[in-house]
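>>> Following is a predicted model, sequence given first.
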Amino acid sequence: MKRNWIAVASADHVRTGRSGGFMQVCHGNSAPLRRVSPRDLVVYYSPVETLGNKVRLQAFTGAGCVKPGEVYVSGE
């Protein structure tokens, strides 16, 4: 069954993922990414432009379908 998700990440993290062909959420916590399945729809909401910045963006900044593949966690 195809599901729809809203992921939250800074806009710069969304752009980095789009240019690299991956998605990133939860500061390296792999559990949320293990819940998505190929063909699920993900929409990104970005509260800020850059992580740690207090200037609000509060916008949807990306959308796409999940491709098949394994979850990769940096540092694991």
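The structure has been received and is ready for your questions.
>>> can I get the CA coordinates of stretch 47-55 in PDB?
Only the C-alpha atoms of stretch 47-55 are listed here, as PDB (Å, rounded to 0.1, in the frame of the first residue of the first chain):
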ATOM      1  CA  PRO A  47      10.900  25.400   9.400                       C
ATOM      2  CA  VAL A  48      14.200  27.100   8.700                       C
ATOM      3  CA  GLU A  49      16.600  27.700   5.800                       C
ATOM      4  CA  THR A  50      19.600  26.300   7.600                       C
ATOM      5  CA  LEU A  51      19.900  24.100  10.700                       C
ATOM      6  CA  GLY A  52      20.600  26.100  13.800                       C
ATOM      7  CA  ASN A  53      19.400  29.300  12.200                       C
ATOM      8  CA  LYS A  54      16.500  31.100  14.100                       C
ATOM      9  CA  VAL A  55      15.200  32.800  11.000                       C
END
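>>> Could you tell me the average pLDDT over that stretch, please?
Computed over stretch 47-55, the mean pLDDT rounds to 92.
>>> try stretch 64-71
What stretch 64-71 shows for mean pLDDT is 92.
>>> Can you give me the first-to-last residue distance of stretch 8-24?
One end of stretch 8-24 to the other measures 9 Å (C-alpha to C-alpha, to the nearest Å).
>>> Could you report the neighbour count for residue 25?
For residue 25, the neighbour count with other C-beta atoms under 10 Å is 20. Glycine gets a C-beta too; all of them are placed from N, C-alpha and C.
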